[in-house]
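Visitor: quick one, structure for this:
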Amino acid sequence: MAAKRNTKSSAAKDAGKGAGKDELLKYYRDMLMMRRFEEKAGQLYGMGLIAGFCHLYIGQEAVVTGIQAALDEGDQVITGYRDHAHMLACGMDPNGVMAELTGREGGYSRGKGGSMHMFSREKQFYGGHGIVGAQVSLGTGLAFADAYKENKKVAVTYFGDGAANQGQVYESFNMAKLWDLPVIYVIENNQYAMGTAVKRASSETHLHKRGASFGIPGEEVDGMDVEAVKRAAEKAVKHAREGKGPYILEMKTYRYRGHSMSDPAKYRTREEVDDIRSHHDPIDLIKKRLIEGKHASEEELKEIDKEVKKIVADAAQFAKDSPEPDPSELYTDVLVEA
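Guide: Just a heads-up that it's a prediction; the model follows:
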């Protein structure tokens, strides 16, 4: 069974400090964009238009939305292979992201990276990485560059509960604390890694404590509540930006779909998934707050959904219309000369 959503985050104590109308509406729209985009990606995968692996973020939208809301322009983001929503959160064009998913020339990596490998230096998004845990060391390197330049920027490094058991994670923790690098490690604990429950794979299931031996503070956060995520992120960002070193945020979240599109997810029950959807869905939570706070009506929210669906439909059409890369692209972007 999935772990309960009760968390010990200090951010939860500030639950009364709710967001205003504009902020709530932005959260709602951003998360809905991610949800509809991923649903469309799943459809395109089923139609055979997306090849290879495809890892959907459905259910986890509050994490990246809340984190991004606490960042400043110029802060960097890096993540693993469940990355489509992170790109959208960073402001990358849905057309370019969808085109890359389908391996088309109009994609961010000109059709050569696919779902797991696209980047945008303009938006400070550094991937998208297919190797489990590889991005943790790279994200620590981004923070090292920030510290070296003394630019007051922070690097947010996302990884999952499965990657939390990788050795390079702890080498990165050691270096980050040794030099007090401005890096925020966000553990997206969706509780099943690639298909094995955390309690079966980890002797220490409170993943925010993994940095304790290095002197890295951490906390557990309700990753299904975007407001709780933002409050915790603001605290972590302030800590890192002030030169106090790394910070770990363990986001207790949940993915509704399998690990990837090829995973039937038979390691958990349908009842468990339905319970999370019914009682802890991050989009429904914000929708409820908007309506109960009289910030928006059902009709206004339906109109937002309609607008979002059109953007996603247009992105899918753009991807279908974009040509496949020319064979000559095999020889480009192989080596970058200084």
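Visitor: only C-alpha atoms from now on, for both contacts and neighbour counts.
Guide: Noted.
Visitor: tell me the pLDDT of A12.
Guide: Among the per-residue scores, A12 holds a pLDDT of 40.
Visitor: revised request: answer the last question for L25.
Guide: In this prediction, L25 carries a pLDDT score of 98.
Visitor: residues in contact with it?
Guide: If a contact means Cα atoms under 8 Å, 6 or more residues apart in numbering, then L25 has L290 as its contacts.
Visitor: wait, is it part of a helix?
Guide: Yes - residue assignment for L25, taken from DSSP: H, G, I helix; E, B strand; the rest coil, places it within a helix.
Visitor: strands along the stretch 201-338 of the chain, start to end?
Guide: Assignment of strands within the stretch 201-338 of the chain using DSSP state E, counting those that start in this stretch yields the ranges 218-222, 247-252.
Visitor: make CSV from the ones you listed and add distance to M33, mean pLDDT and mean neighbour count to it.
Guide: Compiled in CSV, the strands of the stretch 201-338 of the chain are given as follows (distance: least, Cα to Cα, whole Å; pLDDT from 0 to 100; neighbours: other Cα atoms under 10 Å):
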stretch, distance to M33, mean pLDDT, mean neighbour count
strand 218-222, 21, 98, 24
strand 247-252, 21, 98, 28
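Visitor: now do the contacts for D305.
Guide: Contact analysis of D305 by Cα under 8 Å, 6+ apart lists 29, 32.
Visitor: and it, how close does it get to C90?
Guide: 20 Å (Cα to Cα, to the nearest Å).
Visitor: now swap in M47 and tell me
Guide: Look at M47 and C90: by Cα to Cα, they are 28 Å apart.
Visitor: go on, E292?
Guide: For E292, the distance to C90 (Cα to Cα) stands at 29 Å.
Visitor: who has more neighbours out of those two?
Guide: For E292 versus C90, neighbours defined as other Cα atoms under 10 Å are more numerous around C90 (20 against 11).
Visitor: quick check, pLDDT for the more buried one.
Guide: What the model reports for C90 is a pLDDT of 97.
Visitor: same check on E337?
Guide: pLDDT, E337: 70.
Visitor: now swap in N6 and tell me
Guide: What the model reports as pLDDT for N6 is 44.
Visitor: residues near G107, how many?
Guide: Neighbours of G107 under the rule other Cα under 10 Å: 27.
Visitor: need the contact list for the residue nearest to it when sequence neighbours are not counted.
Guide: In this structure, G107 finds its nearest non-sequential neighbour in E100, 3.8 Å apart by Cα to Cα, 6 or more residues apart in numbering. Shown here is E100, whose contacts under the criterion Cα under 8 Å, 6+ apart are 106-115, 118, 319.
Visitor: cool, K320 as well?
Guide: Listed by Cα under 8 Å, 6+ apart, the contact set of K320 reads 99, 102.
Visitor: how close does it get to R110?
Guide: From K320 over to R110 the distance is 14 Å, taken as Cα to Cα.
Visitor: so where's the stretch 51-200 of the chain uncertain?
Guide: Within the stretch 51-200 of the chain, no range satisfies pLDDT under 70.
Visitor: and the helices in it, which stretches?
Guide: 61-69, 84-89, 94-101, 134-149, 167-178, 198-201 (DSSP state H, counting those that start in this stretch).
Visitor: how far is the last one from where the chain is centred?
Guide: Think helix 198-201. Computed by Cα atoms, centre = their mean, to the nearest Å, the chain-centroid distance of helix 198-201 equals 22 Å.
Visitor: just the CA trace of it, in PDB.
Guide: Presented in PDB, the C-alpha positions along helix 198-201 are these (Å, rounded to 0.1, in the frame of the first residue of the first chain):
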ATOM      1  CA  VAL A 198      10.300   2.100  -1.100                       C
ATOM      2  CA  LYS A 199       9.900   0.000   2.000                       C
ATOM      3  CA  ARG A 200      11.100  -3.100   0.100                       C
ATOM      4  CA  ALA A 201      14.200  -1.300  -1.400                       C
END
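Visitor: list of residues touching it?
Guide: For helix 198-201, the surrounding residues in contact (Cα under 8 Å, 6+ apart) are 161-162, 191-192, 205.
Visitor: ok, now with 6 Å
Guide: 191-192 (Cα atoms under 6 Å, 6 or more residues apart in numbering).
Visitor: now do the fifth one
Guide: By Cα under 6 Å, 6+ apart, the residues outside helix 167-178 that reach it are 136-137, 245.
Visitor: residues of that helix that come out buried?
Guide: Burial within helix 167-178, assessed by neighbour count using 16 or more other Cα atoms under 10 Å, is assigned to 168-170, 172-177.
Visitor: got it, and the longest one?
Guide: Neighbour counts over helix 134-149 (16+ other Cα under 10 Å) mark 134-147 as buried.
Visitor: list the buried ones in stretch 223-233?
Guide: Within stretch 223-233, the residues that qualify as buried by neighbour count (16+ other Cα under 10 Å) are 223-233.
Visitor: quick one: it to chain centroid distance?
Guide: Here stretch 223-233 shows a centroid-to-chain-centroid distance of 13 Å under the convention Cα atoms, centre = their mean.
Visitor: is G258 in contact with R268, as I believe?
Guide: No - applying Cα atoms under 6 Å, one finds G258 not in contact with R268, separated by 9.9 Å.
Visitor: okay, the two: which has more neighbours?
Guide: Neighbour tally, G258 and R268, criterion other Cα under 10 Å: the higher count belongs to G258, 20 against 16.
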